[in-house]
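Peer 1: have a look at this fold, sequence not included:
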């Protein structure tokens, strides 16, 4: 192949000629070579990558360059440096790989020594030199065409992309960036090119892309700290402080000793950042990285921070090792390299107080317990007690307490608690009390806890412990007083404090205070109701938490224009939220307390207090999980408090949800007998229209309602079809009562027929009540005789009434009746009715006989 170029022309002619046309003397200058085969020198992945690059350069593909590079570097995003685990593996790989030379970024590209070597053959290298000469002489189009030809033959070579980047550096910023990115990708060991590309992306505002470029560069050059430094600064600029700190953290061990100022400042910032987040392991890793690089440059403050982090991570042997390297204290141990067994140590008099305290803490945790006396004496002699140095004493005290050396801890604190040098703060008294309690010196511990409560009223742990100790000694009144809310109720309510106080108040029998404190605890999440109108508004709708009803209450108070915002503000009051956020009480604990409060209030007849507690539960969404149980309890409490209006509001919603529940209809029957509402029947008819299929209970209830109201014919029209559909003894008895009541009316034409019908259905009731069993063994014999006798008694057929009443008295007691005689027995009622019959007929002796025999209390 021959190449002829004219110096005045910008064209390059590549021509193929036959060897027969060339003279033999000129032919000897040529060497026979194999045809270029790019496929043979790259693997399948490189072939796909080369094809992608070739398509982009030729303009065939339709992707924009950012999308093209994302496809080209699809795995780069998975190598972010925020994860310590990923960084650890990256650092391990960095130690295993040799550090290659960095490219210079000059014309012609920066060599390929590294992961991917240059793939240019001798012929293409000659073309590359021609392209560089053309660029140097200003023939940019010729240089570009030569580079494109090289890329066509070998798309994985970085040299033509370097030249193309230089060509477009001042002509087209976009193409310059694109070719520079490809050059860096193909020659990943060129650190300067990575930085150059990233800086240009930052200038353009493409921070996310610059971040990916830095990630790719760090992956290829894991030991170059400048890349991590620039990436961390970029992450801070992007607002990703956490990721930036992780990047700084992994940069520290890579920094040279000459950069000790930057290394030390960065380590301090990173350590403080992670220390605030309570990630002490990472904070220690930062200081250790700086200590390895420039430990000799550490100031006293830096050493103090480093030792503090070592102690927080329980690396006490490293503390002693560091102090032996940096100070002149003497330590005698079993082995020079091991610090597991320590015989003796001597601390110089001029030792810095902070370091002296950390040395003592480390020795205590290293179980050098035979040195405790020496350490305590040394601390008290050489650490002058001031307000600022009380913390040093307490650090040593806490170390002693962790090793269960409570007597020694008390001895160390004695200059603070017994002396007059400084005023003893509350936390010192607290540690003293804990040590005394562990030593079973209860009376002294109680005195110390009382001082803690006096100095720090909001130290609730001290209150709990003080109350428990007082309770152990039987001083219940003082134990309850210790659990009182400090500051006359000012500040947030402490749920656990109120809960423990409730339990103790119930145990000592102070019921009213128990209910009041329990209400204060449960109502901290809810809206307090101030009058009857607000109670009715809250009950409107009959659900455990009704947002619309609460909005109406807020509107009634004119607290805010926006009701929704007002309700939310009421529910999220800061004082109330603080109690719930800092409390370890669960919803289950509070619900169980609520049940106990209601049970106690019912037992003592305090129904108004029970209703108030129930409203505290239904005006908050905290207890929506138990809404069904709360609604049932609310109905019962309102019924016992004679508040049938509110009880009916909740009961009708329960019936609407479960219309087949007989217990709910029984509750409604009781409510009708006590309440004076006139809307029960209208509600019942509307309910039957909504549930036309499952209406048996509703129809029976409707019949009972008419029977109770004296509308006996309406009641019979309801009872009779149901009795034919499903014979039931209670329905037969109700029909009997209805006919008997009709016979007693004045305007009934056929009274005798009504009485006969009543007696006939009474026999029907007897058959149904004893069906399936032998009547002689039926447990309901007494009930049957009594009810039939009552029918005859009301119909004024007295001789038959007396007969059945006497049968009810003489029937043998069934075991079930004998077991529950006070509830199921009817001998008192039967005897009293016999007494009335004999008395009305003038036989007072017989009447008195039945009273004296069966009805004397």
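Peer 2: Okay, I see it. Since the model is a prediction, treat every value here as computed from it, not as a measurement.

Peer 1: going along the chain, name the helices of the stretch 651-800 of the chain.
Peer 2: Along the stretch 651-800 of the chain, the segments classed as helices by DSSP state H, counting those that start in this stretch run 662-674, 680-690, 696-709, 712-725, 729-744, 751-769, 781-794, 798-810.

Peer 1: could you dump the ones you listed to CSV with mean neighbour count?
Peer 2: Heads up, the C-betas are built off the backbone N, CA and C, glycines and all. Formatted as CSV, these follow (neighbours: other C-beta atoms under 10 Å):
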stretch, mean neighbour count
helix 662-674, 16
helix 680-690, 14
helix 696-709, 19
helix 712-725, 17
helix 729-744, 21
helix 751-769, 18
helix 781-794, 22
helix 798-810, 18
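
Peer 1: so which of those helices gets nearest residue 122?
Peer 2: helix 680-690 (95.5 Å; C-beta to C-beta).

Peer 1: JSON lines for the helices of the stretch 651-800 of the chain, including mean pLDDT?
Peer 2: Below are these laid out as JSON lines (pLDDT from 0 to 100):
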{"stretch": "helix 662-674", "mean pLDDT": "80"}
{"stretch": "helix 680-690", "mean pLDDT": "72"}
{"stretch": "helix 696-709", "mean pLDDT": "80"}
{"stretch": "helix 712-725", "mean pLDDT": "88"}
{"stretch": "helix 729-744", "mean pLDDT": "89"}
{"stretch": "helix 751-769", "mean pLDDT": "88"}
{"stretch": "helix 781-794", "mean pLDDT": "90"}
{"stretch": "helix 798-810", "mean pLDDT": "91"}
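
Peer 1: out of those helices, which is closest to residue 496?
Peer 2: Among these, the nearest to residue 496 by C-beta to C-beta is helix 662-674 (36.4 Å).

Peer 1: residues in contact with the closest one?
Peer 2: By C-beta atoms under 8 Å, 6 or more residues apart in numbering, the residues outside helix 662-674 that reach it are 635-636, 639, 642, 644, 647-648, 651, 654-655, 658, 680, 697-698, 700-701, 704-705, 708.

Peer 1: ok, the residue lying closest to residue 754 once chain neighbours are set aside - contacts?
Peer 2: Nearest residue to residue 754 in three dimensions, chain neighbours excluded: residue 743, at 3.7 Å (C-beta to C-beta, 6 or more residues apart in numbering). Applying C-beta under 8 Å, 6+ apart, one finds that residue 743 lies in contact with 751-752, 754-755, 758, 795.

Peer 1: what's the answer for residue 690, then?
Peer 2: Contact analysis of residue 690 by C-beta under 8 Å, 6+ apart lists residue 656.

Peer 1: quick one: the strands in the stretch 301-450 of the chain?
Peer 2: Along the stretch 301-450 of the chain, the segments classed as strands by DSSP state E, counting those that start in this stretch run 330-333, 342-346.

Peer 1: and those, which one is worst for confidence?
Peer 2: Sorting those by mean pLDDT places strand 330-333 lowest, at a mean of 72.

Peer 1: mind giving me the packing neighbours of that strand?
Peer 2: strand 342-346 (3 or more C-beta pairs under 8 Å, 6 or more residues apart in numbering; DSSP states H and E).

Peer 1: partners of the strand it packs on, with directions?
Peer 2: If you go by DSSP bridges, strand 342-346 pairs up with strand 330-333 (antiparallel).

Peer 1: just how off-centre is the strand it pairs with within its chain?
Peer 2: How far strand 330-333 lies from its chain's middle: 50 Å, per C-alpha atoms, centre = their mean, to the nearest Å.

Peer 1: one more: stretch 753-770?
Peer 2: Here the centre of stretch 753-770 is set off from its chain's centre by 66 Å, with C-alpha atoms, centre = their mean.

Peer 1: just stretch 835-853 next, same as before
Peer 2: Distance of stretch 835-853 from its chain centroid, counting by C-alpha atoms, centre = their mean, is 74 Å.

Peer 1: can you check stretch 124-140 too?
Peer 2: For stretch 124-140, the distance to the chain centre is 66 Å (C-alpha atoms, centre = their mean).

Peer 1: now do the buried residues in it.
Peer 2: 124, 127-128, 130-132, 134-135, 139-140 (16 or more other C-beta atoms under 10 Å).

Peer 1: next: stretch 239-248.
Peer 2: Of the residues in stretch 239-248, those buried by neighbour count under the rule 16+ other C-beta under 10 Å are 240, 243-248.

Peer 1: could you report the neighbour count for residue 315?
Peer 2: 18 (other C-beta atoms under 10 Å).

Peer 1: ok, back up a step: need the buried residues of stretch 239-248 in CSV (columns: secondary structure and pLDDT).
Peer 2: Putting the buried residues of stretch 239-248 into CSV (DSSP: H, G, I helix; E, B strand; the rest coil; pLDDT from 0 to 100) gives the following:
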residue, secondary structure, pLDDT
240, coil, 89
243, helix, 90
244, helix, 90
245, helix, 91
246, helix, 91
247, helix, 91
248, helix, 90
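
Peer 1: would you mind measuring from residue 318 to residue 312?
Peer 2: Here residue 318 is placed at a distance of 12 Å from residue 312 (C-beta to C-beta, to the nearest Å).

Peer 1: which of these two has more residues huddled nearby?
Peer 2: residue 318 (19 against 14).

Peer 1: chain neighbours aside, what residue packs nearest to the more buried one?
Peer 2: residue 310 (5.1 Å).

Peer 1: count of neighbours near that neighbour?
Peer 2: Neighbours of residue 310 (other C-beta under 10 Å): 23.

Peer 1: how about the one 3 residues further on?
Peer 2: The burial metric for residue 313, expressed as a neighbour count using other C-beta under 10 Å, is 15.

Peer 1: for the residue lying closest to it once chain neighbours are set aside, give me its contacts.
Peer 2: Nearest residue to residue 313, sequence neighbours excluded (C-beta to C-beta, 6+ apart): residue 284, at 5.1 Å. Residues in contact with residue 284, defined by C-beta under 8 Å, 6+ apart, are 271, 309-310, 312-313, 315.

Peer 1: again, but for residue 855
Peer 2: Residues in contact with residue 855 (C-beta under 8 Å, 6+ apart) are 828, 831-832, 835.

Peer 1: give me the buried entries from the residues you listed.
Peer 2: By 16+ other C-beta under 10 Å, those give 831, 835 as buried.

Peer 1: now the contacts of residue 855 as CSV including secondary structure?
Peer 2: What follows is the contacts of residue 855, written out as CSV (DSSP: H, G, I helix; E, B strand; the rest coil):
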residue, secondary structure
828, helix
831, helix
832, helix
835, helix
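
Peer 1: tell me the one of the contacts of residue 855 nearest residue 626?
Peer 2: Closest approach to residue 626 among those (C-beta to C-beta): residue 828, at 41.4 Å.

Peer 1: and for residue 845, the neighbour number?
Peer 2: Residue 845 has 8 neighbours, counted by other C-beta under 10 Å.

Peer 1: and the helix or strand harbouring it, what other elements does it pack with?
Peer 2: In this assignment (DSSP states H and E), residue 845 forms part of helix 844-854. Counting contacts by 3+ C-beta pairs under 8 Å, 6+ apart, helix 844-854 is packed against helix 827-840.
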